[in-house]
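Participant: Fold the stuff below for me.
(2 chains)
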Amino acid sequence: MRPVRFNLNPKEAEISEAISMGKAPDGVPGDGFFATQLSSVVGLARKNSLWPLPFATSCCGIEFMATMASHYDLSRFGSERVGFSPRQCDLLMVMGTIAKKMAPVLRQVYLQMAEPRWVIAVGACASSGGIFDTYSVLQGIDQVIPVDVYVPGCPPRPEAIIDGFMKIQDLVGQESIRRRNSEKYRDLLNSYGIQ
Amino acid sequence: MALSNETIQNNLIEKFGDQVLNFSTASGILSFESSKEINLKVLQYLYEEPSLAFTFLTDLCGVNYPDNLGAELVVVYHLHNFSENIRLRYSVSTSINETAVFTASKLFESANWMERETYDFFGINFIGHPNLKRILNVDEMDYFPLRKEYPLEDQTRIDKDDEMFGRG
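Facilitator: Numbering: from 1, shown residues only, chains lettered A, B, ... in the order given. As a prediction, the model looks like this:
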């Protein structure tokens, strides 16, 4: 802790309180080795270093700014690095109303992301069109791209966004490394006209 | 000499006789109508007559009155005289089956964008417009959404309780 002049009761910094360690997956520990499933290790690495791609179009994007800022601090979850290139990112965070005219743009951004990729729909508009039940607004982004986690709220508080993010982390951590090659996943993408 | 609503009205009646009609004043702004055939003549006269000099098109938009049979669609022009700071409302109406109206884009460059928008939402066919296609809505849209015959809500949506969303 840096010295503060007016700190009447200075507190010694305890580094172990500030850092949380990822939990090791189930496995067989031994002398100088640790045996476990490959997918657990890959999942552990992936879930704690997700690179989010914010696709913020309205007020939910403002909540996301608060989520990224120091008070709520999404980087505690290993997503320090917000990427603004879809080719480098793992997690597409769609926050805000998507007009029908924006839908092809969103779809193209999704297509530009490399596998494995995840999508979180933040807020009522991205999830279902929200209050904008009208001819010009896409009624939920799941009409054009597959979505992994929906966060309700109008707009959701940063806690809710973090909760959704942790749900994504659970999905990522438990995902089999073969899932993206499976028949079921191909059918899912085909149902959206992808590939 | 300050330009007043009465002077404008008398000037127009002197020029166009009974072809301009329904003069009224709302919020201090003079409004009048004419048949759609002479809309360019009226606009050009308002523009070029030195004592009127309405050289700025503030707004151009459409209105739909579904119960006004034979004149369901209205095109409204808002004009502004900068030197006298006087505004004017001028409208022409047209049938919903025959929506051709002459374009004002030769007279006012600003009409280009606004006529495309009016076409996009009301389907008014501006004769002579250089590029009359959709501008705000998606290109695939196959109807004119601000006409009253179409519901506001998105009709492709099936997961909502219709009673709660005004579709019951």
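Participant: Chain A against chain B: which residues are in contact?
Facilitator: Counting by CB under 8 Å from any CB of the partner chain, chain A comes close to chain B at A:100-101, A:128-129, A:133-137, A:139. All C-beta spots, glycine's among them, are computed from the backbone N, C-alpha and C.
Participant: out of everything not next to it in sequence, what's closest to A:Glu63?
Facilitator: Setting aside the residues directly before and after it, A:Glu63 is nearest to A:Pro155 in space (CB to CB, 6 or more residues apart in numbering or on different chains), at 4.7 Å.
Participant: burial of the one you found, as a residue count?
Facilitator: The local packing of A:Pro155 (other CB atoms under 10 Å in any protein chain shown) involves 23 other residues.
Participant: Would you check that A:Val109 makes contact with A:Pro86?
Facilitator: Yes. Counting by CB atoms under 8 Å, A:Val109 touches A:Pro86, with 4.9 Å between them.
Participant: anything in contact with each of these two?
Facilitator: Listed as contacting both A:Val109 and A:Pro86 by CB atoms under 8 Å, 6 or more residues apart in numbering or on different chains are A:53, A:92.
Participant: for chain B, which spans come out with low pLDDT?
Facilitator: Within chain B, the stretches with pLDDT under 70 are B:1, B:155-168.
Participant: how about the strands in it?
Facilitator: Under the criterion DSSP state E, chain B contains strands at B:20-26, B:29-34, B:56-64, B:73-81, B:86-94, B:100-102, B:125-127.
Participant: List the pairing partners of the second one within its sheet, with orientation.
Facilitator: This points to strand B:29-34. Sheet pairing of strand B:29-34 (DSSP bridges) gives strand B:20-26 (antiparallel), strand B:86-94 (parallel).
Participant: tally of neighbours for A:Val122?
Facilitator: By other CB under 10 Å, the residues close to A:Val122 number 30.
Participant: what's the closest non-adjacent residue to it?
Facilitator: Distances taken as CB to CB, 6+ apart put A:Met95 closest to A:Val122, at 4.2 Å, once the chain neighbours are dropped.
Participant: What of A:Gln195?
Facilitator: In space, A:Gln195 is closest to A:Leu189, 5.4 Å off (CB to CB, 6+ apart).
Participant: May I have the phi/psi pair for that neighbour?
Facilitator: A:Leu189 has phi and psi values of phi -70, psi -40 when expressed as degrees, to the nearest 10.
Participant: mind checking pLDDT for it?
Facilitator: Here, the pLDDT recorded for A:Leu189 equals 92.
Participant: Test my guess that it contacts A:Glu183.
Facilitator: No. Here A:Leu189 lies out of contact with A:Glu183, judged by CB under 8 Å, at a distance of 11.1 Å.
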